[in-house]
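Asker: 3D model of this:
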Amino acid sequence: MSVEEEVKKVVESHGAKLYDTETVSEDGRTVYRVYILKDGGVDLDLCADISRDLSPMLDVYPPVSGPYYLEVSSPGVERTLKKPEHFLLSVGSDVRLKLSSGESVKGKLVGFEDGKVLLETSAGEEAFPLSQIRKARTYYEW
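Answerer: Here you go, the predicted structure:
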């Protein structure tokens, strides 16, 4: 069983859902981030509880080699979309895509079918194959 599957079990034991994990380097430190979702929202107490339960498991099955910092948080209002399930969870949200061609596209996410992201843009409904999307994020008009 993979580390991510074990992380998912711990997150779900708290009534939350695992959105994603990532490992990044910031200011010379390695950070292993666990992003979670929960109906009604994610609060600091939930993040702390999940972090406390994850820590001993990750001591035995480290997600990275060498020292790292563990962070548990919500993916935020403006979140990265990488997996098909990310797109499905974000239907109805405003999305910005950066395509392999270098072009940027903005629109309302209306669906994800057959490996394609469906957006309602100023030109109408358009489909973009996931394979041609370099980067995708939800965005919020402040």
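Asker: please enumerate the helices of the protein.
Answerer: 3-12, 44-60, 84-89 (DSSP state H).
Asker: which other residues reach the shortest one?
Answerer: Contacts to helix 84-89, defined as CB atoms under 8 Å, 6 or more residues apart in numbering, come from residues 19-20, 37, 79-81, 109, 112, 115, 117, 130, 136. In this view, the C-beta of every residue, glycine as well, is placed from N, C-alpha and C.
Asker: put the buried members of those into a ChimeraX selection.
Answerer: Buried subset of the contacts of helix 84-89, written as a ChimeraX selection, criterion 16 or more other CB atoms under 10 Å:
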select :19,20,37,79,80,81,109,112,117,130,136
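Asker: looking at the contacts of helix 84-89, which one is closest to Glu5?
Answerer: Distance to Glu5 across those (CB to CB) is lowest for Asp20, with 13.6 Å.
Asker: show me the beta-bridge partners of the closest one.
Answerer: Tyr35 (DSSP bridges).
Asker: report the contact partners of it.
Answerer: If you count contacts by CB under 8 Å, 6+ apart, then Asp20 has 35, 75, 80, 82-83, 86 around it.
Asker: ditto for Arg96
Answerer: 104-106, 136-139.
Asker: now swap in Gly28 and tell me
Answerer: Contacts of Gly28 by CB under 8 Å, 6+ apart: none found.
Asker: now do it against Tyr69, distance only.
Answerer: Separation of Gly28 from Tyr69 (CB to CB, to the nearest Å): 11 Å.
Asker: could you list the low-pLDDT ranges of this structure?
Answerer: 1 (pLDDT under 70).
Asker: roughly how far apart are the residue nearest in space to the middle of it and Arg79?
Answerer: Central residue of the chain (CA atoms, centre = their mean): Asp20, 4.3 Å from the mean position. Separation of Asp20 from Arg79 (CB to CB): 9 Å.
Asker: joint contacts of those two?
Answerer: Common neighbours of Asp20 and Arg79 (CB under 8 Å, 6+ apart) are 35, 86.
Asker: domain ranges for the chain?
Answerer: According to automatic domain parsing, the chain comprises the domains 3-73, 84-138.
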